[in-house]
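Enquirer: how would this look folded up:
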Amino acid sequence: GGGMRQWLLADMSVVSSNVLGNNSEESSQEAASEPPVRRLRGLNVLCYVIFLGTFEWGMVIPTLFPLLRRMEAPDMYFGLIIGTFSLTRMICQPLIGALGDRFDFKVLLCSCLACSALGGVLYAVAEAAWFLLMSRIICGIGASVTPLLFAWTARALTGVDEVAQAQVRLNTLRSLGTTIGPFSSTILAVLPQEGLFNELNSAGWAIAIVNLFGLLLVWRFLDDIPPVPKVTTNDIEQNKAKDTAVWTNPVLWICLLFQVVTALLLAILEVIPPIVLTTQFGMPPSATSVLFGIVSLVILAVFAVTAAIGSRISRRSLMCLGVGSIFAGGLWAEFGWTTGAKLWEFIVPWVILATAPAPLIRTPARAVYTSHLPISIQGVMQGISESAFSLANFLGPILGSYVAEEGGLPGLRFLMLLLVSVECSLLIVGFTRLVPGEELQ
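Expert: Now for the predicted structure:
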């Protein structure tokens, strides 16, 4: 009892010393000396930037397929364009993160926003499918900005709790974009069906405008980022040893595995409602959109709760709650998703499985991951984390669709339960055996 209580409720002092130890004393003092108002202003700007990534995704998805139909393009372009966007992000995120460790942060961030704005304009004026493909590749480069945002929390903020709270806010705004994006795309239906600003291509104009506005915000207000400390000749060997130790740190690898498995689970969950609601319950396609909207609102609510209690509960406790929730949801789905099951018996476990991972597993794991990285390689390592998540997002729907076709709903249930079991193993075995207990307090 006492050991479990200590395991769940231990304070963050050890990790805090790890964070400040990885950063130079000069950088920590510089970050601490920044006025809190300026740091809060910078965080608010970056919250808007991360919101743009999912907002533009939500704007494009409802309009892309009708736009391709209007162009009389083959249906394969729909999956090709979506997949190419994800692959572009997967490739570019580590590269942009690494550049952020070495070059001017603000200029790089503004360049990414300019790419997204250019991609939006190309989407709006495209007259052929290949032009849409090019626009999404350019947008994919711009959307690879997220490693810079998470690296900023380690460079501009001090203390694990402050960094963790900032990352909760970033992930909350990322989830908000998934709700507002699709809703905003429905407003475009009031526009004419033809012309330069029509109901389909205006999604591109909207993407361009919001990214240009983000560029102006960043250039005007994001001026409080401590630079990466200059390394002297005498420090080179010491820093090399620190950077090498990162690659053998089990904390980082376990947190990365959590990211990948969570992304796979969420991507596979996205495949299930369109199949079940239409085939088993005979509901229209709009029912899937409504369900995703409800889940997005629930996720926002859970994020709000975790932000409110974040200073009073350990990251580990949140992860235990998250893994326990998806384990209960996975078991419920395994035994409840049967022929003749009622609608609520499908929806409730699916909502549990889709809601818990982002606020209760991915976000605290990301905070722990960030806290164990030296300041000099925050960008590249955050890029690797985002790239791993993008890869899982790309493979998840493909794997889910294949399993659904070959094994039907029983196959999907088994696959979900397998991924949930991996999450449980990472928590029970990884955190308690492979990693010293104090590392993740």
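
Enquirer: how about the helices in the stretch 51-200 of the chain?
Expert: 76-100, 105-125, 129-142, 146-156, 160-187 (DSSP state H, counting those that start in this stretch).

Enquirer: now those helices as a markdown table including mean neighbour count, distance to Gly204 and mean pLDDT?
Expert: To be clear about C-beta, it is placed using only N, CA and C from the backbone, and glycine gets the same treatment. A markdown table is the format used below for the helices of the stretch 51-200 of the chain (neighbours: other C-beta atoms under 10 Å; distance: least, C-beta to C-beta, whole Å; pLDDT from 0 to 100):
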| stretch | mean neighbour count | distance to Gly204 | mean pLDDT |
| --- | --- | --- | --- |
| helix 76-100 | 20 | 13 | 86 |
| helix 105-125 | 21 | 3 | 92 |
| helix 129-142 | 21 | 7 | 92 |
| helix 146-156 | 26 | 21 | 85 |
| helix 160-187 | 20 | 11 | 77 |
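
Enquirer: Is it possible to get CSV of those helices that adds distance to Val260?
Expert: Below are the helices of the stretch 51-200 of the chain laid out as CSV (distance: least, C-beta to C-beta, whole Å):
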stretch, distance to Val260
helix 76-100, 12
helix 105-125, 24
helix 129-142, 19
helix 146-156, 16
helix 160-187, 17
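
Enquirer: quick one, which of those helices is nearest to Glu405?
Expert: helix 76-100 (14.3 Å; C-beta to C-beta).

Enquirer: which residues are in contact with that closest one?
Expert: Contact partners of helix 76-100, identified using C-beta atoms under 8 Å, 6 or more residues apart in numbering, comprise 61, 64-65, 68, 108, 112, 129, 132-133, 136-137, 139-141, 143-148, 151, 378-384, 386-387, 390-391, 393-394.

Enquirer: let's go with 6 Å and repeat that
Expert: 65, 68, 108, 129, 132-133, 136-137, 140-141, 143-144, 147-148, 151, 379-380, 382-384, 386-387, 390-391, 393-394 (C-beta atoms under 6 Å, 6 or more residues apart in numbering).

Enquirer: And stretch 263-275, by the same measure?
Expert: 288, 291, 353-354, 357, 389, 392-393, 396-397, 400-401, 404, 412, 419.

Enquirer: I'd like to know which of those residues is nearest to Thr306.
Expert: The closest of the contacts of stretch 263-275, once distances to Thr306 are taken by C-beta to C-beta, is Pro357, at 12.6 Å.

Enquirer: That closest one: what's it in contact with?
Expert: Thr262, Leu266.

Enquirer: can I get the CA coordinates of stretch 312-329 in CSV?
Expert: C-alpha atoms of stretch 312-329 as CSV (Å, rounded to 0.1, in the frame of the first residue of the first chain):
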residue,chain,number,x,y,z
ARG,A,312,-1.5,18.2,-7.8
ILE,A,313,-1.1,14.9,-9.5
SER,A,314,2.0,13.2,-11.0
ARG,A,315,2.4,12.4,-14.6
ARG,A,316,2.6,8.8,-13.7
SER,A,317,-0.8,8.9,-12.0
LEU,A,318,-2.4,10.3,-15.1
MET,A,319,-0.8,7.6,-17.3
CYS,A,320,-2.1,4.9,-14.9
LEU,A,321,-5.6,6.4,-15.1
GLY,A,322,-5.3,6.5,-18.9
VAL,A,323,-4.1,3.0,-19.4
GLY,A,324,-6.7,1.7,-16.9
SER,A,325,-9.4,3.5,-18.8
ILE,A,326,-8.4,2.1,-22.2
PHE,A,327,-8.0,-1.4,-20.7
ALA,A,328,-11.6,-1.2,-19.4
GLY,A,329,-12.8,0.1,-22.7
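
Enquirer: pLDDT of it, averaged?
Expert: Across stretch 312-329, the average pLDDT comes to 86.

Enquirer: Now it: buried residues?
Expert: 314-323, 325-327, 329 (16 or more other C-beta atoms under 10 Å).

Enquirer: In a markdown table, list these along with secondary structure and distance to Glu162.
Expert: Shown next, in a markdown table, are these (DSSP: H, G, I helix; E, B strand; the rest coil; distance: C-beta to C-beta, whole Å):
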| residue | secondary structure | distance to Glu162 |
| --- | --- | --- |
| Ser314 | coil | 15 |
| Arg315 | helix | 13 |
| Arg316 | helix | 18 |
| Ser317 | helix | 18 |
| Leu318 | helix | 17 |
| Met319 | helix | 19 |
| Cys320 | helix | 23 |
| Leu321 | helix | 22 |
| Gly322 | helix | 22 |
| Val323 | helix | 25 |
| Ser325 | helix | 26 |
| Ile326 | helix | 28 |
| Phe327 | helix | 31 |
| Gly329 | helix | 32 |
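
Enquirer: And stretch 331-342, end to end?
Expert: 17 Å (C-alpha to C-alpha, to the nearest Å).

Enquirer: what's that stretch in contact with?
Expert: Everything outside stretch 331-342 that qualifies as a contact, by C-beta under 6 Å, 6+ apart, is Glu345, Phe346, Pro349, Arg413, Leu417.

Enquirer: what about the third one, distance to Ser421?
Expert: Same thing as Pro349. 16 Å (C-beta to C-beta, to the nearest Å).

Enquirer: Then the fourth one?
Expert: Spatial separation of Arg413 from Ser421 under the definition C-beta to C-beta is 13 Å.

Enquirer: Could you check which of these two has the larger neighbour count?
Expert: Arg413 (20 against 13; other C-beta atoms under 10 Å).

Enquirer: how far away is Leu217 from Leu149?
Expert: 13 Å.

Enquirer: follow-up on the earlier one: could you dump the contacts of stretch 331-342 into TSV with pLDDT added?
Expert: As requested, the contacts of stretch 331-342 are exported to TSV (pLDDT from 0 to 100):
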residue	pLDDT
Glu345	89
Phe346	90
Pro349	92
Arg413	88
Leu417	91
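
Enquirer: how about CSV for those, with distance to Trp253 added?
Expert: CSV is the format used below for those (distance: C-beta to C-beta, whole Å):
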residue, distance to Trp253
Glu345, 37
Phe346, 35
Pro349, 30
Arg413, 29
Leu417, 24
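
Enquirer: which secondary structure element contains Ser421?
Expert: helix 378-425 (DSSP states H and E).

Enquirer: Run the chain-centre distance for that helix.
Expert: Distance, stretch centre to chain centre, for helix 378-425: 14 Å (C-alpha atoms, centre = their mean, to the nearest Å).

Enquirer: by contact count, what packs against it?
Expert: Using 3 or more C-beta pairs under 6 Å, 6 or more residues apart in numbering; DSSP states H and E, the elements in contact with helix 378-425 are helix 76-100, helix 146-156, helix 250-279, helix 315-336.
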